[in-house]
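Participant: what follows is a predicted structure for the sequence shown.
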Amino acid sequence: MVSSELEIVLLIFALYGSTAVVFLYANEGILERVRQGTRIQVAQERVRVAGRSPMMLNPLTPMYPAFRGQWGNAHGIAASPGLRSRVAEVISASNILAPYVIVVNLYVMIGIPAGLLFDGPACAIPAAMLAYVATVAMLVRLWFLREHFSLSWKQFIVVSFESVVCLPLAAGIVRRLSLMTPIVDDLALFTIDMRAEQRIGAISVLRARCEEMANFYVEGSPESDRLNAYATQLTALSPGTSPEVSARGSSVEAGLGLNHDGEMNGDKGGRV
């Protein structure tokens with residue numbers, strides 16, 4: 001028989017895991033911050049729930065934001081910067097929240113489960129109290145960053161209430177907030193600001209998904225033509241094939257304050 005302590009631990013992991021799972025339509029993908037820059041992932045068709053496919057983000061990096069976007073719009077790939085100001089603001093604000101998120105995760109995902117499993121509820125109570133203190137401190141800091149996440153005061157109250165009532169949701173707050181940030185540009189645009197190897201990987205992912213989707217349509221149909229045009233645009237974005245795009249990406253990178261690792265300059269300072 002499963003003990004009540006183990007059931008609570010499993011519930012904590014399940015609730016936290018829900019913040020790292022995203023359900024995507026066939027034409028959607030994720031722009032995810034990683035340790036050195038960003039990467040793009042797209043939905044797979046192996047499993048579908050209500051017309052959407054689940055994608056699991058890295059549960060070990062809750063401090064990194066992820067953005068939901070669409071791909072496949074050839075007309076949306078224009079001569080414009082990849083990292084739009086809103087996405088850059090969220091990345092910058094997430095860097096400031098990162099230390100708070102790490103502390104909350106240590107108490108919620110390690111301290112409380114360890115106390116429950118090894119010494120029982122009495123030992124888990126101090127860890128839970130510390131987790132609440134860390135969560136409140138994180139929410140206070142978030143209050144001053146709410147404009148970066150486009151949070152109204154009503155949305156902030158809802159997010160804060162959910163985080164206090166359910167600590168595992170507080171541990172995944174950065175992803176919850178970043179996934180709420182709308183991306184209006186095609187995901188391919190964001191490859192402009194990536195390092196060469198990351199851009200190659202992202203374009204390969206988009207091209208493979210494009211070819212996979214094209215197989216579902218009759219050759220010469222509007223959808224097939226749209227996907228073929230999109231594939232052509234992806235080829236133009238590949239490193240070494242479009243000097244103008246590469247130069248434009250470098251100027252945008254400098255304008256946004258990005259270093260060669262794709263990180264925001266000034267991140268180490270942790271201030272706004």
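Facilitator: In hand now; what should we look at?

Participant: from here on, just use CA atoms for contacts and neighbour counts.
Facilitator: Fine.

Participant: the helices in the stretch 101-250 of the chain, which residues?
Facilitator: Taking DSSP state H, counting those that start in this stretch, the helices of the stretch 101-250 of the chain run over residues 112-118, 121-143, 153-165, 167-171, 173-179, 196-214, 222-237, 243-256.

Participant: of those, which is nearest Val101?
Facilitator: helix 167-171 (6.1 Å; C-alpha to C-alpha).

Participant: thinking again about what came up before, and the helices of the stretch 101-250 of the chain, which is most packed in?
Facilitator: helix 167-171 (a mean of 25; mean count of other C-alpha atoms under 10 Å).

Participant: report all helices and strands that it contacts.
Facilitator: helix 4-18, helix 85-105, helix 121-143, helix 153-165 (3 or more C-alpha pairs under 8 Å, 6 or more residues apart in numbering; DSSP states H and E).

Participant: what does the first one rub up against?
Facilitator: Here helix 4-18 makes contact (C-alpha atoms under 8 Å, 6 or more residues apart in numbering) with 59, 109, 113, 116-117, 120-121, 168-169, 171-172.

Participant: again, only using 10 Å
Facilitator: Identification of contacts with helix 4-18 by C-alpha atoms under 10 Å, 6 or more residues apart in numbering yields 56-59, 62, 105, 108-110, 112-121, 166-173, 176.

Participant: so how far is it from its chain's centroid?
Facilitator: On the basis of C-alpha atoms, centre = their mean, to the nearest Å, helix 4-18 sits 23 Å off its chain's mean C-alpha point.

Participant: list the buried residues of that helix.
Facilitator: By 16 or more other C-alpha atoms under 10 Å, the buried positions in helix 4-18 come out as 5, 9, 12, 15-17.
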